[in-house]
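Asks: My questions are about this predicted structure, shown below with the sequence.
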Amino acid sequence: ADFPRNSPSPQDVQAMDKAHHLHPWTNFGPFEEKGALVMSRGEGCWLWDAGGRRYFDAIGGMWCTNIGLGRREMAEAIADQVTRLAFSNTFVDTTNEPAALLAAKLASLAPGDLNRVHFTTSGSTAVDTAYRMVHYYQTAMGRPEKTQMIARDYSYHGSTYISQSVGKRPGDRVPFFRYQETGIHHLTAPNPYRAPEGMDEAAFCDWLVAEFEAKLAQIGPEKVGGFFAEPIQASGGVIVPPEGYLQRMAAICRQHDILFVADEVVTAFGRLGHWFASEAEFGIQPDMITCAKGLTSGYLPLGALIFSDRIWQAMAADGARWFTSGCTYSGHPVACAAALKNIEIIEREDLLGNATRVGALFEARMKALEALPMVGQVRGRKLMICVENVADKATRALLPEDLDVGTRIADTCEAMGLMVRPLGHLNVMSPPLTLTAEDVGMVGDTLERAIRQVA
Ligand code: PLP
C-alpha cells in the first residue's frame, strides 16, 4: 500500500484509517461505507476534528478523560519522566520511583487493607490478573477446588479472552468468537427498571440475593473462588443496583470465602465523586479493586489491580513461591508519573468535590428528560448517566433494534456539536470531572432537542 510522502490532508488520514485500521467494536458495514471522524485536538471537555469543527465530549473519551484534555502540566510531567528514565523493568529486583510512589499513593486512597498493587497495561489485563489471582490465593489457602467464578449479565470487564468471558453483554456474544464457557456463571443484572413485572426494588433485591444463593447451592460454594462486579455496571447500560444489593452480595461472599472483585475501571478516580466507589458510595469492602481509565485520565495507558494485605500474605506465606504474572510494561515509569500528576491535579482542584456538586446538577437535568415521550428512564449517578429510550413508557417495551435509535440520537447530537455515546437504544454520558453548571445546561438542552427530533 502507498504511504503519502507529504503531510496528509484530513481526507487522506480518513482514507488510510478506513483502508488499514481495524477499530474496537467495529460494525463492518457502516465502517466500510463511512469511515471514521478524524479527531485532531482536545482541550478540557472539548474536541476538534481535523476539519476544525468543535464538539463537547460528554462521553469523556471512553469513561476516562477525568481531568480533561490538553493539560500542559501533564505534558511536562510525562516529558520530564521520559527524559529522566523512559523505561526500566519491574521484574523482581528493580523498580522505579514513579511506580513505587504510585503504589503507595493508591494504597493510601484505597479502602481498608487494600494496600498492595500490581500494575497492568489496561482494565482488561487488570481483570485478567484478578481472575488468576483468585486461583492463586484460593490454592495457596488450601482450597484448590475453588476455581469457579460468578459474574452478572450485562457486565463489561474488558476484551481479553477471560475478561470478556467474565463480562456478558448480550450484543457482544457473536458466534464468530469463542468464550470461556466453563467455570464462569452469570446472574441476572441488578437493573430495577427491568425487574420482573410487579416487583418493587426491595423485592427485586431479595430475588437477586436468593438467585445468588441458589446458584451457589447448585455449584457448591466450595467450588466458587471469586465474584466479579462493577459497582455500577457501566457499558451494560449504567445499571445502578437496588439499595443494599452489593452489601448483601458481599456478605454472602465473605461467608463462603469467595473473593469480591470490584471492577472500578469506570467508577474510580472521581466519576462518582470518590477515589473509589466501593466503600464510599456503596459501603462495601472488596478484596480486590481493578482500575484503569481515570487513573491517568487517558493521558497514557495504565491499569492496576489493588488487593488486600490478607491476599498478599496468603500468596507469600510459603516464602518460596513465584507469582508468575505481569507485563513488560507493568509499572511503566512514564505511565506511573502521568498517574501521579493526574491524582495531584484531582486533589489540588478538588475535582471529587466538583464531580459531587456539578454531578448532582447533571443528574437532575438529565432526569428531567424523563418528561419526553420516548424516554423511559434516566438512570445513573453524578457523572455517569444513561438515557433509556423505549417504545412505550407504560409497558417499558423496547424499540425495534433496526431503528438504531441510540445511534440516531448520537448522530443528531454530533451534528449539533455534542458527543454522546450510543449503546443500542441507550445513550450514555460520562463527561470530565471539570464539568461546569453552564456545560450541564448546554448538554441537557442539546440532548433534549436531539431526542425530540429523532422521536
Ligand atoms: N472493566 C470495566 C468496568 C470497563 O468499563 C472496561 C472498559 O470499558 C474494562 C474493564 C476494560 O478496560 P480496558 O478497555 O482499559 O482494557
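Replies: Thanks, I have it.
Asks: show me what contacts the closest residue to C253 other than its chain neighbours?
Replies: Leaving aside its chain neighbours, C253 sits nearest to F260 (4.7 Å; criterion: CB to CB, 6 or more residues apart in numbering). (C-beta placed from N, C-alpha, C; glycine too.) For F260, the contact set (CB atoms under 8 Å, 6 or more residues apart in numbering) comprises 226-227, 229, 249-250, 253-254, 284, 286-288.
Asks: OK, contacts around whatever residue of the chain ends up closest to the ligand?
Replies: At 2.3 Å from the ligand, G123 is the closest residue in the chain, using CB to the nearest ligand atom. Counting by CB under 8 Å, 6+ apart, G123 touches 157-158, 163, 263, 265, 290-293, 303.
Asks: Can you select the buried ones among those residues for me in ChimeraX?
Replies: Buried residues among the contacts of G123 (16 or more other CB atoms under 10 Å), as a ChimeraX selection:
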select :157,158,163,263,265,290,291,292,293,303
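Asks: Tell me which of the contacts of G123 fall in helices.
Replies: S163 (DSSP state H).
Asks: which of the contacts of F260 count as buried?
Replies: For those, a neighbour count by 16+ other CB under 10 Å gives the buried set as 226-227, 229, 249-250, 253, 284, 286-288.
Asks: Make sure T412 is indeed in a helix.
Replies: Yes. Using DSSP: H, G, I helix; E, B strand; the rest coil, the secondary structure at T412 is a helix.
Asks: That one is in contact with Q453, isn't it?
Replies: Yes. If you go by CB atoms under 8 Å, T412 and Q453 touch, sitting 5.4 Å apart.
Asks: Up against the ligand, what does the protein have?
Replies: 122-124, 127, 156-159, 230, 234-235, 263, 265-266, 292, 303 (CB under 6 Å from any ligand atom).
Asks: try it again with 5 Å
Replies: Residues of the chain lying close to the ligand (CB under 5 Å from any ligand atom) are 122-124, 157-158, 230, 234, 263, 265-266, 292.
Asks: and those as TSV, adding pLDDT and distance to R54?
Replies: Shown next, in TSV, are those (pLDDT from 0 to 100; distance: CB to CB, whole Å):
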residue	pLDDT	distance to R54
S122	98	29
G123	98	29
S124	98	32
H157	98	34
G158	98	32
E230	98	32
A234	98	26
D263	99	34
V265	98	29
V266	98	26
A292	98	28
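Asks: Could you chop the chain up by domain?
Replies: 37-67+350-454, 73-348 (automatic domain parsing).
Asks: Select from the contacts of F260 every entry located in strands.
Replies: Mapping those onto strands (DSSP state E) picks out 226-227, 229, 288.
Asks: rewinding a little: among the residues of the chain next to the ligand, name the ones in strands.
Replies: Those of those lying in strands (DSSP E): D263.
Asks: and of the residues of the chain next to the ligand, the nearest to T434?
Replies: Lowest distance from T434 to these (CB to CB) belongs to V266, with 17.4 Å.
Asks: Roughly how far does that closest one sit from G60?
Replies: Going from V266 to G60 by CB to CB, to the nearest Å gives 10 Å.
Asks: where do the contact lists of those two overlap?
Replies: S430.
Asks: What segments of the stretch 351-455 of the chain are helices?
Replies: For the stretch 351-455 of the chain, helices defined by DSSP state H, counting those that start in this stretch occupy the ranges 351-367, 405-415, 437-454.
Asks: want to throw the ones you listed into JSON lines with mean pLDDT?
Replies: Below are those laid out as JSON lines (pLDDT from 0 to 100):
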{"stretch": "helix 351-367", "mean pLDDT": "98"}
{"stretch": "helix 405-415", "mean pLDDT": "98"}
{"stretch": "helix 437-454", "mean pLDDT": "98"}
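Asks: any chance of the buried ones among the contacts of F260 in TSV, plus pLDDT and distance to L351?
Replies: Below are the buried ones among the contacts of F260 laid out as TSV (pLDDT from 0 to 100; distance: CB to CB, whole Å):
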residue	pLDDT	distance to L351
G226	99	32
F227	99	30
A229	99	25
M249	98	30
A250	98	28
C253	98	32
I284	98	24
P286	98	23
D287	98	28
M288	98	25
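Asks: List the contacts of the residue nearest to the spatial centre of the chain.
Replies: A centroid search over the chain (CA atoms, centre = their mean) returns V266, at 3.1 Å, as the residue closest to the centre. V266 sits next to 63, 230, 232, 234-235, 293-294, 384, 430 when contact means CB under 8 Å, 6+ apart.
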